[in-house]
Every structure is written in structure tokens, then in C-alpha cells.
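**Student:** pasted the sequence and its predicted model underneath.
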Amino acid sequence: MLAVLRVIRIEIPLAMLASRVLLCLAAGHSPQESLYSLSLGGLLFTAFFIATDPVTSPDTRAGRILFGVAIGALTELIREFGLYADGLCFAVLAANLLVPQIDRLVLRIQRPWYTRTPCTESVRSDVGGAPGERSE
């Protein structure tokens, strides 16, 4: 309902839940157990309410998918190898730290190579003059 009303973007919860199920299956759990684990703890609440916060989520669609995958993967890693049975808060906080890097990475990949500005001209020689006027 939240996605239909455009309150949240659906990419983050879907990527988060899908990566969680796939990693649970990869860890050797049965399909029933991996689907049942979606209803345990606060996973659904986190997926639809906490992780979709528009202030801390990435700006691009691919970035939101990567963000959801990161939260799902970190959640599974914390549950499998950590001391906490429900490491959602740590997973969301750790993924929030990655949001600026995810945005930069996605924009760098999506932007065509011919529109990138070269890094060779770091210091301009015509600083101090009027705009458009070159000093000789």
C-alpha cells in the first residue's frame, strides 16, 4: 500500500528481502526455513519502514537496489556469524554509512565516459580575471 501511494520506493524492500532469502538458501537452509525467517523479528518492519527512509536512502534506482542488497546481506551475515539473533539495526546503520559511496559509484558507472571531465586541469592559469577573459 505504501508503494502504491508512492510513500516509499519498492526497490529497497524487495532487494533486501530477496538478498536475505538467497543468502539464507546459500547458507544451506531449506526453502521453507528461509521464507519462514522473513516473518521473524523485525525484518518486514525494517524493510518497509526503516530502510526506506528517504533522507538516508540513495538517490538512484540502482543505488537503492544495491542499498537493499547490502542491508539483506549484512543482516544474514550478522544472524549467521554474529552474536545477535536479529542484527537489523547494525545492518541498516552500516549500509547507511555506504550511501554516499553507493551514489558516487552508480553515477560514475551510469554517466557516459565522454561526459566525464578530465582531471588533468586542476589549476587554472586565468584565475582572477573577468569571466570569459583570458590574461596573457
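**Tutor:** Done, it's in. In this text the structure is predicted, and so the values were computed from the model without any measurement. Numbers count the residues shown, from 1 in each chain.
**Student:** packing partners of the helix or strand harbouring residue 102?
**Tutor:** Per DSSP states H and E, residue 102 falls inside helix 99-110. Under the contact criterion of 3 or more CB pairs under 8 Å, 6 or more residues apart in numbering; DSSP states H and E, helix 99-110 touches helix 61-81. In short, each C-beta sits where N, CA and C put it, glycine included.
**Student:** show me which residues of the helix it packs on are buried.
**Tutor:** For helix 61-81, the neighbour count (16 or more other CB atoms under 10 Å) marks 62-79 as buried.
**Student:** residues in contact with the helix holding residue 102?
**Tutor:** Residues outside helix 99-110 that contact it (CB atoms under 8 Å, 6 or more residues apart in numbering) are 56, 57, 58, 59, 60, 62, 63, 66, 67, 70.
**Student:** state the mean pLDDT of that helix.
**Tutor:** Averaging pLDDT along helix 99-110 gives 91.
**Student:** touching, residue 95 and residue 74? I think so.
**Tutor:** Yes - shown here, residue 95 and residue 74 form a contact pair, counting by CB atoms under 8 Å, at 6.3 Å.
**Student:** residues of stretch 16-30 that come out buried?
**Tutor:** Those would be 16, 17, 19, 20, 21, 23, 24, 29, for stretch 16-30 by 16+ other CB under 10 Å.
**Student:** what's the helix or strand for the third one?
**Tutor:** Per DSSP H and E, residue 19 falls inside helix 11-26.
**Student:** now do that helix: distance to the chain's middle.
**Tutor:** Distance, stretch centre to chain centre, for helix 11-26: 13 Å (CA atoms, centre = their mean, to the nearest Å).
**Student:** try stretch 27-36
**Tutor:** 24 Å.
**Student:** give me the average confidence score over it.
**Tutor:** Averaged across stretch 27-36, pLDDT comes to 90.
**Student:** hmm, who's touching it?
**Tutor:** 21, 24, 25, 37, 76, 80.
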